[in-house]
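S.K.: below are the sequence and a predicted model for it; my questions follow.
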Amino acid sequence: MIIYLEKRVLDHPRCQNLLKKLQPESIIECDRYQEVFNRKGQDFRLQKKKPSMILAKKDQGFVHPIPKELTIGFDENYYFSPFLNCPFDCQYCYLQGAFRSANYVLFVNYEDYLSEIEKKIDMARGSVCFFSGYDADSLALEPKSRLMESVLPFFEGKKAFLEIRTKSIFIRPLLERRAMDNVIVAFSLNPQMIIESIEKKTPGLDKRLEAIKKLKEQGWKIGLRFDPVIYCKDFEDIYREFFEKIFSVVEDKDLHSVTLGSFRLPKSYFQVMEKQKNRLLSMIDEKNGIYEMPDHIKDRLLGFCKEQIGQKVNKDKLYCYEKIGTSNRK
Amino acid sequence: MIVISVALDCEAKPFIKEYKLERIKAPFPIYKNDLLVLVVTGIKSYSMTAIGYVFGKFSISSFINIGICGHKEKEVGTLVACHKIECDDNAIYPSPYLSSKLKPIQLKTVETVETTYPDDCVYDMEGYYVCFSASKFISIDQIICMKVVSDNLHTGIKQITKPFVTSLMSTLIPELNPLIEKKDGGLGELVPPNMKVRLSTTEKILLEKKLEKLLLLQSDSDLNFLETISCKHLLFKTIDQKLDRARLSF
């Protein structure tokens, strides 16, 4: 792997450990990560084949608010991203439109994130949840980042929740600890046929279910994220069988929350992804600045999935995101 | 097409011969065949003009800058891949291409010949300008810069004659060959090497493009059939049929 390195983090212990571990083919120094990560004229698809890693320090903007309607029942919601980008290659992933580069960025100053989170917790007026899987998969790069080694002990005993959202089956950092009441391990799931078709490089459904089983047996709170569900030929048969499989492994009592959403993208992300020959984009059309499935298809798909999930899960735990930026409709 | 840029005529010679390039009528020394364009840019910021001309005239997919450079200690003849190119306070980061023989290093482009080599990097007189100029036309990830060390503190620059430069540059040919095969026609990773059918370079490019499209539509497509078919016509017909099926399948 090729490593780009901000000169100022060269002596940071986390950086030194990582360099020892990764044994990079080449180390290229830079002043600020943006000159590599944000430069114009990058080829996302080409970089995705063999991503480099950028080690950097974040100076500001450690924690960002999330609109209340896009969350899972908490009063205040924030996301934090010491890691940008993901080793998986899902065709619907908005990171392809959000970032110019497919290279990974790791901000090594985790402590600054945690101190900002601490401040938010102190100021919170109601229940609060922090999401770590918005700009990256929370666990996929854990073998390199060791982020959970810092984050989980921090959240121990805190009056705040943490959502770890992932498709990864690297759950060792969780299994090695006692289950925490304020941590939700949320798995993004889709039928195996969809995984094989458009979720490249991700673990198969059976492996993800195996991971869920181990975690729930140890007492971890589980989240299920059916977002996005994908419209396809015979979707009713495919998703019916899929939900049956899921709920044969995990029951309502094991679940903290279930979210449901269809494939949608902000216009600006769509325009970037369109240049990457992403065929999944042909499924969505523009409506009020958001690209989403045509209403009649979306209603059928979400209606069916909601009904299937509703048979197994208490409706208070189900959050259906009809549209980006609009209210949850339970 | 792929563009190879060099600063000097004597740097171009081995490549003109190796790739059977022919000079075309143009305001700059430009040589080409069906796949490659080689342009002799000159040095310093003047070199950007030639790059702009080449990109305006041809349809370019990849850009490779090659040439000689100086380094404080590295032995003459050392091959390097430049992953960061600086000029004054500006920097660009071309594709981090690596091979077993190419040592990764930083390049500084300077206005006058550097004979003191103050930093641990290689020095040239056009790399930044041509790569920066090319980055205005294609993705920075399709730009590669590789150099061969021609001088160091020990040797100085006295030995740098035209024949010496030509001879040094020819050592880059083995490094360039796989890149050209790989870069042209897209990504060059899909066509298996042990096919029964013999294809011309143009046919390989066409095949590569069709396979890319097939995998885009159907990522789990089984490509084993490529190695079993022994008739060129049947090969392309099979791919076209698979493409049609893939379009209907989702």
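M.R.: Ah, there it is.

S.K.: how about A:Y33, what does it touch?
M.R.: A:Y4, A:E6, A:I54, A:A56, A:V105 (CB atoms under 8 Å, 6 or more residues apart in numbering or on different chains). Heads up, the C-betas are built off the backbone N, CA and C, glycines and all.

S.K.: measure the residue nearest the centre of chain B to chain A for me?
M.R.: Centroid-nearest residue in chain B, with CA atoms, centre = their mean: B:I64, separated by 3.2 Å. Look at B:I64 and chain A: by CB to the nearest CB, to the nearest Å, they are 15 Å apart.

S.K.: domain parsing for chain B?
M.R.: B:2-180, B:201-249 (automatic domain parsing).

S.K.: quick one: low-confidence ranges for the chain?
M.R.: Just going to use chain A. A:322-330 (pLDDT under 70).

S.K.: let me rephrase: I mean chain B.
M.R.: In the predicted model of chain B, residues B:181-190, B:213, B:216-217, B:219-220, B:244, B:246-250 satisfy pLDDT under 70.

S.K.: could you redo the last one with a cut-off of 80?
M.R.: Applying pLDDT under 80 to chain B flags the ranges B:97-100, B:181-194, B:200-202, B:205-206, B:208-210, B:212-222, B:243-250.

S.K.: which element is the residue nearest to the centre of chain B on?
M.R.: strand B:62-70 (DSSP states H and E).

S.K.: with B:S150 instead?
M.R.: B:S150 belongs to strand B:143-151, assigned by DSSP H and E.

S.K.: and what of B:V37?
M.R.: Assigned by DSSP H and E, B:V37 falls in strand B:36-40.

S.K.: now what about that strand, what contacts it?
M.R.: By CB under 8 Å, 6+ apart, strand B:36-40 touches B:1-9, B:11-12, B:15-16, B:19, B:21, B:28-32, B:50-51, B:53-54, B:58, B:60, B:180.

S.K.: need the contact list for the closest residue to A:I238 other than its chain neighbours.
M.R.: Leaving out its chain neighbours, the residue that sits closest to A:I238 by CB to CB, 6 or more residues apart in numbering or on different chains is A:P191, at 5.0 Å. If you count contacts by CB under 8 Å, 6+ apart, A:P191 has them with A:L205, A:I238, A:Y239, A:E241, A:F242.

S.K.: go again using 10 Å as the cut-off
M.R.: Going by CB atoms under 10 Å, 6 or more residues apart in numbering or on different chains, A:P191 touches A:197, A:205, A:229-230, A:232, A:235, A:237-243, A:245-246.

S.K.: and what of A:D75?
M.R.: Neighbours of A:D75 in contact, by CB under 10 Å, 6+ apart: A:K68, A:A124, A:R125, A:G126, A:S127, A:V128, A:C129.

S.K.: number of nearby residues for A:P51?
M.R.: 16 (other CB atoms under 10 Å in any protein chain shown).

S.K.: make sure it is indeed in a helix.
M.R.: No: per DSSP: H, G, I helix; E, B strand; the rest coil, A:P51 lies outside any helix segment and is coil.

S.K.: element containing the residue in the stretch 51-200 of chain A positioned nearest to chain B, please.
M.R.: The nearest approach of the stretch 51-200 of chain A to chain B comes at A:E196, 5.3 Å away (CB to the nearest CB). Using DSSP H and E, A:E196 falls within helix A:192-198.
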